[in-house]
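# My questions concern the predicted model and sequence given below.
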Protein chains: 2
Amino acid sequence: MLTDSPAFEQLIDALRRLPGIGKRSAERLALHLLGAPGNDAETLREAIGEARARVATCSVCCDLTETDPCSVCVDERRDRSTVCVVEHPSGAMAIESGRAYRGVYHVLHGVLDPLEGVGPNELTVEKLLARVEAGGVKEVIVATNATAEGEATAMYLSRRIGALGVAVSRIAHGVPMGSGLEFADNVTLTRAIEGRRRL
Amino acid sequence: MLTDSPAFEQLIDALRRLPGIGKRSAERLALHLLGAPGNDAETLREAIGEARARVATCSVCCDLTETDPCSVCVDERRDRSTVCVVEHPSGAMAIESGRAYRGVYHVLHGVLDPLEGVGPNELTVEKLLARVEAGGVKEVIVATNATAEGEATAMYLSRRIGALGVAVSRIAHGVPMGSGLEFADNVTLTRAIEGRRRL
């Protein structure tokens, strides 16, 4: 039985560090990796190594990419005067999957969080400011998450970028499309009313 | 952006092979492994390699283990005359966590499934029969799952082991403890009534 196996415990611990994986899931995954008849475990090991070796950050937008600059940054059809700032690569992927945004991105790789020791230097803020200073950018859309840290980061960026004479906007927050008022929380409803637009 | 990265796609594919991991989860995990500031990815790779190298099947019960024979098989306090047959190592771990069973185990590593080409030779059936033939076993408790394949496997084992003159039993199926009749499906209720016991 594996209940007394240190290697099994270590594998579970490594799996539990992944987002959304709790104790039970980690156990199930570990048992699968050890007991799978095929070579799922080796395939996964190789895929992790390969991806880590090939994927780096784009020297322009700091998004994760296999080519540098990334496909969005080299795309001539994108509007390079509009830069959308997101916390993580997943945010850029989410907006991109909406297929409506035609500007470019900038990935911060986190948010300002002084209590956790994350200041502007821990993020890609200076690179963003350098991009704006280099000219050609007309608007920076801050799409950090609607958390306390995301809001604080948005305010900070607005001040820094505003000082360079470039427009800074924040994505709209309100009741999600297709959802009803009764499912929205109080803060969202307050934001929805504050952010109302004339029809 | 990673949407056009083959290495990222391969990592997602490798993660999707894991049980309970769908497309969205795999994407989130892959992004975490690539973007994590620490070395979660390397830790996981090493843990997989280490566990695969150290963990093998017990030569007695076929359970996964780091020591051979496994801790249960060498434990003098266990009742070796009772063998509980489970499909997978996870089943043995589940029964063990109940702390009530004091016998030993035998892990089949699957169930009979002729349509998928799984016959007795693909499982550890011969090893189980050899264990029983070697003597000392008084009862074999078949704890395969309550699926069509699990039931068929139980019937098959009952015939083969019964022919050796050893008692074969099946774990009880019925309404789970702490649950009400209204939450049980029809097959479970039928089994619960068929399996009734005198008070």
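Right, received. Where do you want to start? Numbering: from 1, shown residues only, chains lettered A, B, ... in the order given.

# C-alpha only now, for contacts and for neighbours.
Fine.

# Buried ones in the biggest strand by length in chain A, by neighbour count?
Under DSSP state E, the strand in chain A containing the largest number of residues is strand A:79-86. Using 16 or more other CA atoms under 10 Å in any protein chain shown as the test for burial, strand A:79-86 gives A:80, A:82-86.

# can you list those in TSV and add pLDDT and distance to residue B:26?
Listed next are those as TSV, based on pLDDT from 0 to 100; distance: CA to CA, whole Å:
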residue	pLDDT	distance to residue B:26
A:80	94	31
A:82	94	31
A:83	95	28
A:84	94	25
A:85	95	24
A:86	94	21
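
# Please identify which of those is nearest to chain B.
Nearest to chain B among the buried residues of strand A:79-86 is residue A:86, at 12.3 Å by CA to the nearest CA.

# for the least confident helix or strand in chain A by mean pLDDT, the distance to its chain's centre please.
Every helix and strand of chain A was ranked by mean pLDDT, DSSP states H and E. The lowest is helix A:186-194, at a mean of 83. Averaging C-alpha positions (CA atoms, centre = their mean, to the nearest Å) puts helix A:186-194 24 Å from its chain's average.

# nearest residue to residue A:68 other than its sequence neighbours?
Computed as CA to CA, 6 or more residues apart in numbering or on different chains, the closest residue to residue A:68 that is not its neighbour in sequence is residue A:58, at 5.3 Å.

# and the longest strand of chain A, what other elements does it pack with?
With contacts taken as 3 or more CA pairs under 8 Å, 6 or more residues apart in numbering or on different chains; DSSP states H and E, strand A:79-86 sits against strand A:103-107, strand A:139-142.

# per-residue confidence averaged over the next helix or strand after the last one?
Which is strand A:139-142. Next along the chain after strand A:139-142, taking DSSP states H and E as the criterion, comes helix A:148-162. Averaged across helix A:148-162, pLDDT comes to 93.

# what's the answer for stretch A:109-120, then?
Here the average pLDDT along stretch A:109-120 is 92.

# Pull it out as PDB, backbone CA atoms only.
C-alpha atoms of stretch A:109-120 as PDB (Å, rounded to 0.1, in the frame of the first residue of the first chain):
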ATOM      1  CA  HIS A 109       2.500  38.800 -14.300                       C
ATOM      2  CA  GLY A 110       0.800  39.700 -11.100                       C
ATOM      3  CA  VAL A 111      -0.700  42.700  -9.300                       C
ATOM      4  CA  LEU A 112       0.700  45.200  -6.800                       C
ATOM      5  CA  ASP A 113       0.400  43.600  -3.400                       C
ATOM      6  CA  PRO A 114       2.600  45.400  -0.800                       C
ATOM      7  CA  LEU A 115       1.700  42.900   2.000                       C
ATOM      8  CA  GLU A 116       3.100  40.100  -0.200                       C
ATOM      9  CA  GLY A 117       6.100  42.200  -1.100                       C
ATOM     10  CA  VAL A 118       5.000  42.700  -4.700                       C
ATOM     11  CA  GLY A 119       5.900  46.200  -5.900                       C
ATOM     12  CA  PRO A 120       6.200  47.700  -9.400                       C
END
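
# To what extent is residue A:190 buried, counted in neighbours?
By the criterion of other CA atoms under 10 Å in any protein chain shown, residue A:190 has 14 neighbours.

# Equivalent analysis for the one 3 residues further on, please.
Taking other CA under 10 Å as the neighbour definition, residue A:193 ends up with a count of 12.

# who's in contact with it?
Counting by CA atoms under 8 Å, 6 or more residues apart in numbering or on different chains, residue A:193 touches residue A:174.

# The longest strand of chain A pairs with which strands, and in what direction?
According to DSSP bridges, strand A:79-86 has the following sheet partners: strand A:103-107 (parallel), strand A:139-142 (parallel).

# Output those strands as a markdown table; include the columns mean neighbour count.
Listed next are the strands paired with strand A:79-86 as a markdown table, based on neighbours: other CA atoms under 10 Å in any protein chain shown:
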| stretch | mean neighbour count |
| --- | --- |
| strand A:103-107 | 25 |
| strand A:139-142 | 22 |
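
# List just the one of these that sits closest to residue B:24.
strand A:103-107 (20.3 Å; CA to CA).

# Can I get the closest one in PDB? Just the C-alpha atoms.
Included here for strand A:103-107 are C-alpha records, laid out as PDB according to Å, rounded to 0.1, in the frame of the first residue of the first chain:
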ATOM      1  CA  GLY A 103      -5.300  46.100 -30.000                       C
ATOM      2  CA  VAL A 104      -2.200  44.600 -28.400                       C
ATOM      3  CA  TYR A 105      -1.600  43.400 -24.800                       C
ATOM      4  CA  HIS A 106       0.800  43.900 -21.900                       C
ATOM      5  CA  VAL A 107       1.000  41.200 -19.300                       C
END
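
# Skip ahead from it and say which helix or strand is next.
Strand A:103-107 is succeeded, C-terminally, by helix A:125-133 (DSSP H and E).

# Contacts for the longest strand of chain A next, please.
With contact meaning CA under 8 Å, 6+ apart, strand A:79-86 is reached by A:92, A:102-108, A:136-144.

# Helix A:125-133 and that one, what's the angle between them?
Angle of strand A:79-86 versus helix A:125-133, following axes from the mean of the first three to the mean of the last three CA atoms, to 10 degrees, is 160 degrees.

# and strand A:79-86 with helix A:148-162, angle?
Interaxial angle, strand A:79-86 versus helix A:148-162 (the same axes, to 10 degrees): 150 degrees.

# Mind listing what's buried along the following helix or strand past strand A:79-86?
Using DSSP H and E, the helix or strand that follows strand A:79-86 towards the C-terminus is helix A:89-97. For helix A:89-97, burial by neighbour count (16+ other CA under 10 Å) applies to A:89-92, A:96.
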